[in-house]
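> After the sequence you'll find the predicted model.
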Amino acid sequence: MEQPDSIIHQPVRLKIMAALKPLPPDDPLEFVRLKAIVGATEGNLGAHITTLEEAGYVCVQKDFVAKRPRTRVAITPQGRRAFDAYVDYLREIIGSTATS
Amino acid sequence: MTLSSQEAAENLSQAEEAGRRSKQVYFYRQSSPHLIIWGIIWVIGYGGTGLYPLYANPLWAGLVLIGCASSVVLGRCTKPDGTTGGPYPWRVAGLMAIIIFFVFATYAILQPHSGRQLAAYPALITGVAYVAVGLWTGPRYVVSGMVVAALTLIGFFYIGPIFLWFAVVGGGSMILTGLWFRTV
């Protein structure tokens, strides 16, 4: 059995990817909403998003709405494929144990 | 790095929970403009009916058409593969058609004999529909449906100017619910 993707394997990053996966690509999730879903602190979430962005799994958009800064995050096609592969990997482990 | 079956199941469960919550937040956000538009329609429709009862039928016919068209346009979504459209707008249109058919079919069978009954029934059905939707999509819908249903019953049994009650309290609560959904 191949090794899991070490970037997605980290629990907070897994939750980030899982939260972004169901959303349309042109409708990114706001940082504050992602924070509420994942249940991480602002600094922790920001650091993990940076790691995912460097891996090319998410893209971060920063703009201003009513003069207030807004950060939004979306999953990339590469991230979508990596997440699917990771979920397949988990299911493979569960399945192989169940059948053995 | 190898995972046990239990660890894999836990990871998968956490991922599924995050995905479920994300979908819920997305659904609330998508629902918000629908609720605000229908709240405004209630304010105009019930308010206009209370003030100008003779014009109630054409007023409501026009407002319902505007509301349904708005909901279908707002229902246009982008699917995860980046294409727009899909079955959602037609589901919204289908839901509207079913509710309208259901309300008028009930009128035909039970034949209400007062304006209060005519006014309260669609509002009550709206509340019930929100609760039903909420059982699948999230508790905020359940709460808002129960509030709309409770306000409808209070208005029907205890409030004299029922049309103005529905306009201000019913329409207002829908608009506030729409704004509440944006805060998720």
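Good, I have the coordinates. Residues are numbered from 1 along each chain as shown, chains lettered A, B, ... in the order given.

> and stretch B:130-148, which residues are buried?
For stretch B:130-148, the neighbour count (16 or more other CB atoms under 10 Å in any protein chain shown) marks B:130-131, B:133-134, B:137-138, B:140-142, B:144-145, B:147-148 as buried. From N, CA and C alone the C-beta is placed, and that goes for glycine too.

> Ok, stretch B:95-107 next?
Of the residues in stretch B:95-107, B:96, B:103 count as buried by neighbour count, 16+ other CB under 10 Å.

> Give me the mean pLDDT for that stretch.
What stretch B:95-107 shows for mean pLDDT is 86.

> Show me the contact partners of the longest helix anywhere in chain A.
Counting by DSSP state H, the longest helix found in chain A is helix A:77-99. The contact list for helix A:77-99 (CB atoms under 8 Å, 6 or more residues apart in numbering or on different chains) reads A:1-2, A:4-5, A:7-9, A:14, A:17-18, A:20-21, A:25, A:52, A:55-58, A:75, B:3-5, B:8-9, B:11-12, B:15, B:80.

> Now do the same contact list for the residue nearest the centre of chain A.
For chain A, the residue sitting closest to the mean C-alpha position, by CA atoms, centre = their mean, is residue A:17 at 2.0 Å. Residues near residue A:17 by CB under 8 Å, 6+ apart: A:8, A:52, A:57-58, A:75, A:79, A:82-83, A:86, B:15.

> what do you get for residue B:164?
Counted by CB under 8 Å, 6+ apart, residue B:164 has contacts B:46-47, B:50.

> Which single one of the contacts of residue A:17 is nearest to residue A:39?
Among these, residue B:15 lies closest to residue A:39 (CB to CB), at 13.6 Å.

> List the buried residues of whichever strand or helix holds residue A:19.
Using DSSP states H and E, residue A:19 sits within helix A:11-20. For helix A:11-20, burial by neighbour count (16+ other CB under 10 Å) applies to A:12-20.

> so where is chain A shaky, pLDDT-wise?
A:1-2, A:97-100 (pLDDT under 70).

> Beyond the biggest helix by length in chain B, next helix or strand please.
As assigned by DSSP H, the longest helix anywhere in chain B is helix B:5-51. Note on helix B:5-51: by DSSP H and E, the next helix or strand toward the C-terminus is helix B:56-74.

> Which strands or helices does that next one pack on?
Secondary-structure packing of helix B:56-74 (3 or more CB pairs under 8 Å, 6 or more residues apart in numbering or on different chains; DSSP states H and E): helix B:5-51, helix B:88-110.

> which of those helices sits most buried?
helix B:5-51 (a mean of 19; mean count of other CB atoms under 10 Å in any protein chain shown).
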